[in-house]
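Colleague: give me the fold of what follows.
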Amino acid sequence: MKGLILINAYSRMRAFEVQASRLAEEFAAIGIETDIRRNDGFIARIEGGGIEAECGGYSFCVYLDKDKYVLEALERSGIPVFNRYSAVEACDDKMVTYLRLAGHNVRMPKTLSGLLCYDPGEPVRRESAEKVAGELGFPVVVKECYGSMGRGVHIARGMGELMALMEKVKTVPHLFQEFVGSSSGRDLRVIVVGGKAAGGMLRRSDSDFRSNIGCGGSGEAYALAPETAAYAERIADALDLDYCGIDLLFPEDGEMILCEVNSNAFFEAFESCTGINVARLYAEHVADEVVQINHDARRRSSVTYF
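Modeller: The predicted structure is shown next:
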């Protein structure tokens, strides 16, 4: 068995390189060789009416990029991918995440999808901002649908700020959410691998309503209550995720509130503060899944039809 770990073509962020190298290290520890490659080789294409992918010799691909086109091509070419295309697609766009989880008994902030703007020269109408404010109140969170590590997440504390933010994000996919004041500057990151909650990390910020470590927040180990672990596992299952980071907000009462789901959540800080070997858990899960996939394929090929 040999695996491919595919990372973004252009990013030089240390977090991507650490994620890939830690996975390669733990795959090696369980006897599986992997290659780390940048997604810049045009390894998949449409040709002859079908999909051709240059994945000869690889038994699986751990996909640490968010280029959904290549991911779908790889998956449809027959190589097992982690995470799957449908799961990454659901998590890559925050509004799609909330839509996919609607009806799954997941507590989420009240959310309005942003208005689609075809003409950058057309100003935001005050009536639209008043509707948002009337539905969600102030402060109101304005999120760009694509982004990670807290980037593209803003807060408006009054009508002037809301109008300015709506003007700023009008040409990109975005959404509006009610502000969960009881969780301002703190949230809970739960890592789920293979359908099981590995552990939790409490993230805090004393200077920002966002608690992301990428925005200057800090993390500490957090003991998960059984019901919180089960809640995170249910969210991961609903989105068909092999691996993810689920960010939960602390409510004033009742069940925790979903903030976001990250299909390629960085785990360096999580491993450091919890002592949990996330990379090993992920490597073992992938290996087990590939063995099962191959076993099932052999069984199907051995069936005799009359």
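
Colleague: for stretch 81-101, C-alpha coordinates in PDB please.
Modeller: Extracted C-alpha coordinates of stretch 81-101, given in PDB (Å, rounded to 0.1, in the frame of the first residue of the first chain):
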ATOM      1  CA  VAL A  81      -9.900  10.000  -1.300                       C
ATOM      2  CA  PHE A  82     -10.000  11.400   2.200                       C
ATOM      3  CA  ASN A  83     -12.100  13.400   2.600                       C
ATOM      4  CA  ARG A  84     -14.600  12.700  -0.100                       C
ATOM      5  CA  TYR A  85     -15.600  15.300  -2.700                       C
ATOM      6  CA  SER A  86     -19.200  15.700  -1.300                       C
ATOM      7  CA  ALA A  87     -17.900  16.300   2.300                       C
ATOM      8  CA  VAL A  88     -15.300  18.900   1.200                       C
ATOM      9  CA  GLU A  89     -17.800  20.600  -0.900                       C
ATOM     10  CA  ALA A  90     -20.200  20.900   2.000                       C
ATOM     11  CA  CYS A  91     -17.600  22.300   4.400                       C
ATOM     12  CA  ASP A  92     -15.800  24.600   1.900                       C
ATOM     13  CA  ASP A  93     -18.800  26.900   1.700                       C
ATOM     14  CA  LYS A  94     -20.100  27.900   5.100                       C
ATOM     15  CA  MET A  95     -23.600  28.500   3.900                       C
ATOM     16  CA  VAL A  96     -23.700  25.100   2.200                       C
ATOM     17  CA  THR A  97     -22.600  23.600   5.600                       C
ATOM     18  CA  TYR A  98     -25.600  25.100   7.400                       C
ATOM     19  CA  LEU A  99     -28.000  24.100   4.600                       C
ATOM     20  CA  ARG A 100     -26.700  20.500   4.600                       C
ATOM     21  CA  LEU A 101     -27.100  20.300   8.400                       C
END
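
Colleague: please point out which parts of that stretch sit buried.
Modeller: By 16 or more other Cβ atoms under 10 Å, the buried positions in stretch 81-101 come out as 81-98, 100-101. All C-beta spots, glycine's among them, are computed from the backbone N, C-alpha and C.

Colleague: which residues touch stretch 245-255?
Modeller: Outside stretch 245-255, the residues that touch it by Cβ atoms under 8 Å, 6 or more residues apart in numbering are 107, 109, 180, 182-183, 186-192, 228, 231-232, 235-236, 256-262, 265-267, 270.

Colleague: packing partners for the top helix by length along the chain?
Modeller: Ranked by number of residues, the top helix in the chain under DSSP state H is helix 278-302. Using 3 or more Cβ pairs under 8 Å, 6 or more residues apart in numbering; DSSP states H and E, the elements in contact with helix 278-302 are helix 14-29, strand 60-63, strand 81-82, strand 186-193, helix 268-274.

Colleague: let me have those in a markdown table, extended by distance to residue 35 and mean pLDDT.
Modeller: Converted to a markdown table, these look like this (distance: least, Cβ to Cβ, whole Å; pLDDT from 0 to 100):
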| stretch | distance to residue 35 | mean pLDDT |
| --- | --- | --- |
| helix 14-29 | 8 | 95 |
| strand 60-63 | 10 | 97 |
| strand 81-82 | 15 | 97 |
| strand 186-193 | 22 | 97 |
| helix 268-274 | 21 | 95 |
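
Colleague: tabulate these (a markdown table), appending distance to residue 222.
Modeller: Shown next, in a markdown table, are the helices and strands packed on helix 278-302 (distance: least, Cβ to Cβ, whole Å):
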| stretch | distance to residue 222 |
| --- | --- |
| helix 14-29 | 21 |
| strand 60-63 | 26 |
| strand 81-82 | 26 |
| strand 186-193 | 6 |
| helix 268-274 | 8 |
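
Colleague: looking at the buried residues of stretch 81-101, which are in helices?
Modeller: 85-92, 94-98, 100-101.

Colleague: and which of those residues is nearest to residue 125?
Modeller: Of all those, residue 125 sits closest to residue 95, with 20.8 Å by Cβ to Cβ.

Colleague: the residue most central in space within the chain bridge partners, please.
Modeller: By Cα atoms, centre = their mean, the chain has its centre lying nearest to residue 262, at 1.8 Å. Judged by DSSP bridges, the bridge partners of residue 262 are residue 245.

Colleague: by how many degrees do the longest helix of the chain and strand 186-193 diverge?
Modeller: Computed by axes from the mean of the first three to the mean of the last three Cα atoms, to 10 degrees, the angle separating helix 278-302 from strand 186-193 equals 40 degrees.

Colleague: picking that back up, any of the contacts of stretch 245-255 buried? List them.
Modeller: 109, 180, 183, 186-192, 228, 231-232, 235-236, 256-262, 265-267, 270.

Colleague: flag the shaky bits of the protein, pLDDT-wise.
Modeller: Residues of the chain that meet the criterion pLDDT under 70 lie in 207-208, 210-217, 301-306.

Colleague: done for today, thanks.
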